[in-house]
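Asks: sequence-free structure coming up:
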DNA sequence: CGCCAACTTGATGGCTGTCAAGTCAGGTGG
DNA sequence: CCACCTGACTTGACAGCCATCAAGTTGGCG
């Protein structure tokens, strides 16, 4: 196996050293971390805050929590108390439907904030599972609301965060609503690539942390279709796949594929405003 | 045509009379409306606010804006300045994709708040089009943020609002990702029914304000499939359709259809937490 | 080394998209 | 008032994409 591990082998150094000698592996109740020195910084909620506001936040710091691969960060039905900012690692979020069906709603990496679906009802609507050993900041929502009453930039930041999640999901809806299997998979890979690159990893060579089934669920496809599509992409020289390792070889053709709309419902008029690129931009 | 017009023929009386003698048909710059007397109240953002907070909001009131059928409330690419609370009428929201494809992301009626996708970037990602003559409250976002710094209940309300939109979209994603055409249409009708009933309309007999194509776009189906599915439902005695008028005859069977998951990805383990019913609950 | 889960690949079928023709409703103008 | 016209909808025939079922194959882990 290649040494490349674009997501977990973190180039980011965090201000706080790895859990020293805590009793609990799950929650480091005693470990608080700072935003001002966190390298995931500007992807996260504290991104863009003025120094004086950052300092106020760091007066208390946030608890850190460690989630091992396969473990849940939170479960559906659980009482909502906090948002979680991913410091390192990788998560999938899923919703449970009546009759036990499961649907993957997103994949989340350093800087992403998850758990937002719990705010509305006070109960988590989704679940988050770590796909590799991960660390999160526990952003107690009560405190977040308090702080955002006196820190306007934080307030704005929180709103942006929630809004971006709405826009992200709009993109996914558009993707699920009208794109072919090929286009979906291409868009998915480009989205991952884009987000990894934004985090200073290679956007052209990375490991998929999730199973084919997870990808399929996310994209509204069966795992066989995902597998077949990847194989076809490889045949056609768009990329190479070895197990989880993906190397993108022809970015431009990939983009064209992702934009392809076989079930097109064209607009009547010409002058086109800003458009959404499904899955391309994500918080 | 039947006199039934469950959505537009409003049983709700608003505190403010219809636009008196303004020059502009579009924006009643001079007309401000109150939350405390708005009958759409508890569906909207002011719902559940304590009286003293409501009074503070009403000191200024919000501008009202009238949008005629077919007109845009806002367009994609337009600068974001405000959220819009639907007072009466009916809207669809859509996203534009590269190459001119369009995707319907939601339908919105009295009490729903739209425009939330603009917060993140300062630019509207979606468009809103009135499907019938409508009224909205213009919730200037700057002001909303100001007020929510001093009115904690309003702050919480705003966050709930955004979170609920996230959850709603999660439900749609799940629907688009793994349900048959029949299940999608059934879930769509049940969702409409549910929301109309919550607004004191009949949940069993209502007019569809949107075209078959809009429904199809929303559900990730072609308009022919929507039409066929409705016809089949009618054949089987689930409902009756005459143009836009839908009468639901067998609610229970409808529910079973909507829950049907042909592309099921079952969970490994038993004990199931809270589940999501796609499209059933909406803000 | 062996087992199991994850994945790949093939064959087949069904759902739903596509194309096409026809019907219907509503609005406009004569 | 009626004819016409246009857009929305319905219905049919067909095809293609993707799900399904079924074997393999691989890789990771004990």
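Replies: Great, that's in hand. What you see is a predicted model, and the numbers here were worked out from it, not measured in a lab.

Asks: What segments of the stretch 1-150 of chain A are helices?
Replies: In the stretch 1-150 of chain A, the segments counted as helices under DSSP state H, counting those that start in this stretch are A:51-60, A:141-150.

Asks: Any part of the last one near chain B?
Replies: Yep, that's helix A:141-150 we're talking about. Yes - Helix A:141-150 reaches chain B (CB under 8 Å from any CB of the partner chain) through A:145, A:148, A:149, A:150. Every C-beta, even on glycine, is put in place using the N, C-alpha and C of the backbone.

Asks: which non-adjacent residue is nearest the third one?
Replies: Once flanking residues are discounted, residue A:149 sits nearest to residue B:149: 4.9 Å by CB to CB, 6 or more residues apart in numbering or on different chains.

Asks: hang on, isn't the one you found packed against residue A:156?
Replies: No - under the criterion of CB atoms under 8 Å, residue B:149 is not in contact with residue A:156, lying 11.0 Å apart.

Asks: Please indicate which of the residues of helix A:141-150 next to chain B are buried?
Replies: Buried members of the residues of helix A:141-150 next to chain B, scored by 16 or more other CB atoms under 10 Å in any protein chain shown, are A:145, A:148, A:149.

Asks: before we move on, the earlier item: now narrow the residues of helix A:141-150 next to chain B to whatever sits close to DNA strand D.
Replies: Among the residues of helix A:141-150 next to chain B, no residue lies close to DNA strand D (CB under 7 Å from any atom of the strand).

Asks: which one of those residues sits closest to chain B?
Replies: Distance to chain B, by CB to the nearest CB, is smallest for residue A:149 among the residues of helix A:141-150 next to chain B, at 4.9 Å.

Asks: Surely that closest one touches residue A:155?
Replies: Yes - under the criterion of CB under 8 Å, residue A:149 makes contact with residue A:155 at 7.2 Å.

Asks: residues in contact with stretch A:212-229?
Replies: The contact list for stretch A:212-229 (CB atoms under 8 Å, 6 or more residues apart in numbering or on different chains) reads A:92, A:94, A:102-107, A:131, A:172, A:175-176, A:181-182, A:184-185, A:188, A:208, A:210-211, B:176-178, B:263, B:265.

Asks: What parts of chain A come near DNA strand D?
Replies: A:1, A:180, A:181, A:182, A:220, A:221, A:222, A:224, A:225, A:242, A:243, A:262.

Asks: Please repeat the previous calculation with a cut-off of 6 Å.
Replies: For chain A, the residues in contact with DNA strand D (CB under 6 Å from any atom of the strand) are A:1, A:180, A:181, A:221, A:222, A:224, A:225, A:243.

Asks: Residue A:52 - how many residues pack around it?
Replies: The number of residues packed near residue A:52 is 9, by other CB atoms under 10 Å in any protein chain shown.

Asks: who in the stretch 101-250 of chain A is up against DNA strand C?
Replies: A:211, A:212, A:213, A:223, A:224, A:227, A:228, A:230, A:231, A:241.

Asks: Tell me the buried residues within those.
Replies: Buried members of these, scored by 16+ other CB under 10 Å, are A:212, A:213, A:227, A:230.

Asks: give the contact list for the residue nearest the centre of chain A.
Replies: The residue lying closest to the centre of chain A (CA atoms, centre = their mean) is residue A:108, at 2.0 Å. Contact partners of residue A:108, counting by CB under 8 Å, 6+ apart, are A:86, A:90, A:91, A:92, A:93, A:114, A:128.

Asks: what about whichever residue of the stretch 151-283 of chain A sits closest to DNA strand D, helix or strand, and which?
Replies: Closest residue of the stretch 151-283 of chain A to DNA strand D, CB to the nearest atom of the strand: residue A:225 (3.1 Å). Using DSSP states H and E, the element containing residue A:225 is helix A:223-235.

Asks: Skip ahead from that helix and say which helix or strand is next.
Replies: Trace forward from helix A:223-235 with DSSP H and E and the next one is strand A:239-242.

Asks: Need the contact partners of that next one.
Replies: Strand A:239-242 has contacts (CB under 8 Å, 6+ apart) with A:2, A:189, A:230, A:231, A:233, A:234, A:246, A:247, A:248, A:249, A:250, A:254.

Asks: List the residues that contact the fourth one.
Replies: The neighbourhood of residue A:231, defined by CB under 8 Å, 6+ apart, consists of residue A:241.

Asks: Also the fifth one?
Replies: The neighbours of residue A:233, taking CB under 8 Å, 6+ apart as the test, are A:182, A:185, A:186, A:239, A:241.

Asks: ok so, going back, out of the residues of the stretch 101-250 of chain A next to DNA strand C, the closest to residue B:44 would be?
Replies: Nearest to residue B:44, judged by CB to CB, of these is residue A:213 at 40.7 Å.

Asks: from the contacts of residue A:108, which is closest to chain B?
Replies: Nearest member of the contacts of residue A:108 to chain B, counting by CB to the nearest CB, is residue A:93, at 8.7 Å.

Asks: what's across from that closest one in the sheet?
Replies: residue A:106, residue A:128 (DSSP bridges).

Asks: That one and residue B:150: what is the separation?
Replies: For residue A:93, the distance to residue B:150 equals 33 Å [CB to CB, to the nearest Å].

Asks: pLDDT wise, what is residue A:43 at?
Replies: According to the prediction, residue A:43 has pLDDT 81.

Asks: circling back: any of the contacts of strand A:239-242 buried? List them.
Replies: A:189, A:230, A:233, A:234, A:246, A:248, A:249, A:254.

Asks: Quick one: residues contacting the residue nearest to residue A:103 when sequence neighbours are not counted.
Replies: Spatial nearest neighbour of residue A:103, excluding adjacent residues (CB to CB, 6+ apart): residue B:174 at 4.1 Å. Counting by CB under 8 Å, 6+ apart, residue B:174 touches A:95, A:97, A:101, A:103, A:105, B:276, B:278.

Asks: 6 Å - rerun?
Replies: A:95, A:97, A:103, B:278 (CB atoms under 6 Å, 6 or more residues apart in numbering or on different chains).

Asks: Do a quick rundown of the strands in chain A.
Replies: Per DSSP state E, chain A carries strands over the ranges A:27-33, A:62-67, A:72-74, A:82-96, A:102-109, A:113-114, A:126-140, A:205-207, A:239-242, A:245-248.

Asks: Include mean pLDDT when you put those strands into TSV, please.
Replies: Shown next, in TSV, are these (pLDDT from 0 to 100):
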stretch	mean pLDDT
strand A:27-33	69
strand A:62-67	93
strand A:72-74	96
strand A:82-96	96
strand A:102-109	97
strand A:113-114	98
strand A:126-140	96
strand A:205-207	96
strand A:239-242	96
strand A:245-248	97
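
Asks: wait, which of these is closest to residue A:166?
Replies: Checked against CB to CB, the stretch from these lying closest is strand A:102-109, at 12.4 Å.

Asks: from the middle of its chain, how far away would the closest one be?
Replies: Taking the mean of its C-alpha atoms, strand A:102-109 sits 8 Å from the chain's own mean (CA atoms, centre = their mean, to the nearest Å).

Asks: go on, stretch A:91-98?
Replies: 14 Å.

Asks: That stretch close to DNA strand C?
Replies: No - Stretch A:91-98 does not reach DNA strand C (CB under 6 Å from any atom of the strand); its nearest approach is 12.6 Å.

Asks: residues of that stretch that come out buried?
Replies: Residues of stretch A:91-98 classed as buried: A:91, A:92, A:93, A:94, A:95, A:96, A:97 (neighbour count, 16+ other CB under 10 Å).

Asks: just the angle between the longest helix belonging to chain A and helix A:51-60, please?
Replies: In chain A, assigned by DSSP state H, the helix with the most residues is helix A:152-178. Following axes from the mean of the first three to the mean of the last three CA atoms, to 10 degrees, one obtains 90 degrees for the angle between helix A:152-178 and helix A:51-60.
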